[in-house]
Each structure stands twice: as structure tokens, then as C-alpha cells.
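J.: requesting a structural model of the entry that follows:
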Amino acid sequence: MADLKLGLAQGYWGAAPHPNFVAIAQEAERLGFDSVWSAEAWGNDAFTPLAWIGAQTEKIKLGTAVVQLSGRTPTSCAMHALTLDLLSNGRFMLGLGVSGPQVVEGWYGRPFPKPLARTREYIDIIRQVFAREAPVTNDGPHYPLPYSGDDAAGLGKPLKPIVHPLRNRIPIYLGAEGPKNIALAAEIADGWLPLFYNPYDESVYAESLREAPADFDIAQMVSVSITDDIEAGLLAFKYFLSFYIGGMGAKTTNFHKNLFIRMGYEAEAEKIQQLFMEDKRDEAARVIPDELADAMSLVGPADRIRDRLQAWQDSRVTTLLVTAHDVASLRAIAELW
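T.: A predicted model of the protein is given here:
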């Protein structure tokens, strides 16, 4: 699988950080993993764990998957990125995402509408900071620089960063599920971070990726379970899928559910959401067809997983991001490659 890069997805924390998250990242580096990724929801931030890891590793790339746009102004986000890139000697990759209205308006207290326009402005400002060619300005309505609202002091001055970036083009990835968001990623970003992907049927993304450049990196998280009990391994993944389809979003606005509808599973998606909202989570998970869960994960004995890796190798995905909570599991996954 020489053409398919391997990354480590560490996700966001629950009640506390995993006690071995640095040791596992160090082992990933020793095993030749290309990257390690940190996430955020409404608890830990995505940058700090990477700073902790970066200080105790030397080569492995450090990515956010993803930083939520509404949590920081574009210039603040750019400052985090150029700081980590300098401290890690050019290993940082900035993954961004708009999140959803429940988090944006409920946690950050910011308006959610116009996500495409906001994302375009956000990335343009960040690119200006990285380039450091001129003071940063923006005439758009979402992130005006200098700020000139009715409550402005009127003293704002365009600035450029005091710090000289190590790289003037830090890679930017977009986490996206909707067709227009994915097309935007292909247009203005260096890579895309899908949440769900079926390598056996890529048609749902084909039009959105039509203009993607040849070097566009698609970094897909995939659940790997090395087990002789395929049914149990798939059921665990079904719980993960059903949580997003049924519970991660409002009843009328759930981007994950909408994706599975576009994939051709409308009846299943509607049933999963209904059962999930009735607190019948076990029943909701079992609605997901075996063939779908199997296609989107890597489950079974090692030889079976090696065979099924070919579908990912043949797909447009260029990086597989796997999870592991102990060194032994990580080593077992690495041996599949």
C-alpha cells in the first residue's frame, strides 16, 4: 500500500485526554505514519494536543481535523497555525470546518448561515497572514478587516503578522459533507477531510471533486477492527454511524443524515433518526445494512482487511486515518500495510 499514506486520528477528548496520547503518537512516528490529527467539539481545542505531541516528536506531520471556524477569528486561527508550524519545523497542517448550527449558535454564540461565504473569506484571510506580503484586509461582510461596524472606534489599522512564517503556504484542509462545501474544498484548499466515505461507490462525491487538482489530498478516517467476529466488529461501527445519522444534528438539519440520503439510504436514515430520538439506540444501529458498514470500515481477520484495503488503494482517497488507543493495536494496524 505504498501509495496510500497512513495517519493517526486522535479525535476530540471526552471527559479527559487519553493518558497515552503522546506515546501512541510517538509510536506512530516510529512506525512510519505520515501524520497525526487532533479534533475539537465543545471541550478541548485541537491545537494544544498537537503542540504537546509536536514537542515530543520529530518528523510526523501535525494536523487539525478539524478546527471550528466560529471558535476563532481568521487572524487568530492563522496565528495558532503559524506558531505551531514554526515550533514544529514545518510539520503543521490546518484542517478547518464550519461545524453545525447547534454548536455554532449554541456553544460559540455565533450565527450559522452563509457557511460557504464565511469559509471562503476565512481562508482568504488566513492565506494573507501566511503570505505576509501586505497588511491583511478583507472587504467581505463576515470578517471585515479593519472592522468598520456602527460600534467601531474607527481606529482600526490593517496589520501584517510580526512573526515571519516558516512557510508562506501552510496546507489547508476542509472538513465537508455537502456537495457545495466539498466543491469549495477542491477549489480553494489543499485537501479534504471527509467524515464518511464508501470506496466501493464514490459517485456521491464525483461531481463535487470534478475540478480537484491532481495533488489534492483526501484524508479519510476509517475504523479498523482486527477480529474473527466480523458481525460484532461491524456492529460497533454501526453504533458510531448511527450516532452521527441520528444524534449529531437537529431533526430538521443534520448534514450527516443528508449525506446518507444522497448515498441512497433515505429510508434507513429516516428510521435511524426516529429510533435514536426515541432513545432506541441499539435498534437504530441495527438498521444500518451490513454491506454499507463493511464498505466504509476495515473489519475482520488481518488477511481479509488486507484484501479489502485494495478498494481504498483504488479509490480517490490518498490518506487513511486510523484510530488506536494502545501501542499494540497501533502496531497491529501498521502491519496490515
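J.: now do stretch 266-277: everything it contacts.
T.: 242-243, 245-247, 251, 254, 257, 260-261, 281, 283-284, 287-289 (CB atoms under 8 Å, 6 or more residues apart in numbering). For every residue, glycine as well, the C-beta is placed using N, CA and C.
J.: what residues of it count as buried?
T.: The neighbour-count check on stretch 266-277 (16 or more other CB atoms under 10 Å) flags 268-273, 275-276 as buried.
J.: so for that stretch, what's the average pLDDT?
T.: The pLDDT scores in stretch 266-277 average 95.
J.: list the contacts for the residue most central in space within the chain?
T.: Per CA atoms, centre = their mean, the C-alpha nearest to the average position across the chain is that of A65, at 3.5 Å. With contact set as CB under 8 Å, 6+ apart, A65 has these partners: 9, 37-39, 46, 95, 173, 175, 193, 219, 221, 321.
J.: one step back: so which one among the contacts of stretch 266-277 has the lowest pLDDT?
T.: When the contacts of stretch 266-277 are compared, K251 shows the smallest pLDDT, 78.
J.: ok so it is a helix residue?
T.: No. K251: not assigned to a helix; according to DSSP: H, G, I helix; E, B strand; the rest coil it is coil.
J.: that older thread, ok, of the contacts of stretch 266-277, which one's closest to E121?
T.: E121 has its nearest neighbour among the contacts of stretch 266-277 in N254, at 25.6 Å by CB to CB.
J.: my read is that the closest one contacts I261, right?
T.: No. Taking CB atoms under 8 Å as the definition, N254 is not a contact partner of I261, at 9.7 Å.
J.: between the two, tell me which one has more neighbours.
T.: A direct count of neighbours by other CB atoms under 10 Å for N254 and I261 places N254 higher, at 21 against 17.
J.: for E270, see how far away that one is.
T.: Per CB to CB, to the nearest Å, N254 is found 11 Å from E270.
J.: contacts only, for A81.
T.: The contact partners of A81, taken as CB under 8 Å, 6+ apart, are 92, 94, 126, 130, 170.
J.: which ones among these lie within helices?
T.: 126, 130 (DSSP state H).
J.: hang on, the earlier thing: make JSON lines out of the buried residues of stretch 266-277 and add secondary structure.
T.: Conversion of the buried residues of stretch 266-277 to JSON lines gives the following (three-state DSSP):
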{"residue": "E268", "secondary structure": "helix"}
{"residue": "A269", "secondary structure": "helix"}
{"residue": "E270", "secondary structure": "helix"}
{"residue": "K271", "secondary structure": "helix"}
{"residue": "I272", "secondary structure": "helix"}
{"residue": "Q273", "secondary structure": "helix"}
{"residue": "L275", "secondary structure": "helix"}
{"residue": "F276", "secondary structure": "helix"}
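J.: nearest to I188 among those residues?
T.: Nearest to I188 among the buried residues of stretch 266-277 is A269, at 29.5 Å by CB to CB.
J.: ranges for the strands of the stretch 101-250 of the chain?
T.: When assigned using DSSP state E, counting those that start in this stretch, the strands of the stretch 101-250 of the chain occupy the ranges 172-175, 191-193, 217-221, 224-226.
J.: and the chain, what are its domains?
T.: If you go by automatic domain parsing, the domain ranges for the chain are 5-227+301-335, 230-298.
J.: pLDDT weak spots in the chain?
T.: Along the chain, the parts satisfying pLDDT under 70 run over 1-2.
J.: can you give me the helices for it?
T.: For the chain, the helices defined by DSSP H occupy 21-30, 47-54, 74-87, 101-106, 115-131, 179-188, 203-206, 230-247, 255-262, 266-277, 281-287, 290-296, 302-314, 327-335.
J.: of the ones you listed, which is nearest A212?
T.: With respect to A212, and counting by CB to CB, the nearest of the helices of the chain is helix 179-188 at 3.8 Å.
J.: quick one: buried residues of the closest one?
T.: Of the residues in helix 179-188, those buried (16+ other CB under 10 Å) are 179, 181-186.
J.: same check on stretch 189-209?
T.: Residues of stretch 189-209 classed as buried: 189-199, 204-205, 208-209 (neighbour count, 16+ other CB under 10 Å).
J.: between all of the residues you listed, which two are separated the most?
T.: D190 and N198 (23.4 Å).
J.: I'd say D34 and K61 touch.
T.: Yes. The pair D34 and K61 qualifies as a contact (CB under 8 Å) at a distance of 6.1 Å.
J.: most surrounded residue in the contacts of stretch 266-277?
T.: Sorting these by how many neighbours each has (other CB under 10 Å) puts I245 first, at 30 neighbours.
J.: give me the distance between it and A232.
T.: Separation of I245 from A232 (CB to CB) stands at 20 Å.
J.: likewise for S99?
T.: Using CB to CB, S99 is found at 32 Å from A232.
J.: how about R286?
T.: Where A232 is concerned, R286 sits at a distance of 13 Å (CB to CB).
J.: of the two, which one has the most company?
T.: When neighbours are counted by other CB under 10 Å, R286 and A232 differ, and R286 comes out ahead with 16 against 11.
J.: residues touching the more buried one, list them.
T.: Contact analysis of R286 by CB under 8 Å, 6+ apart lists 235, 238.
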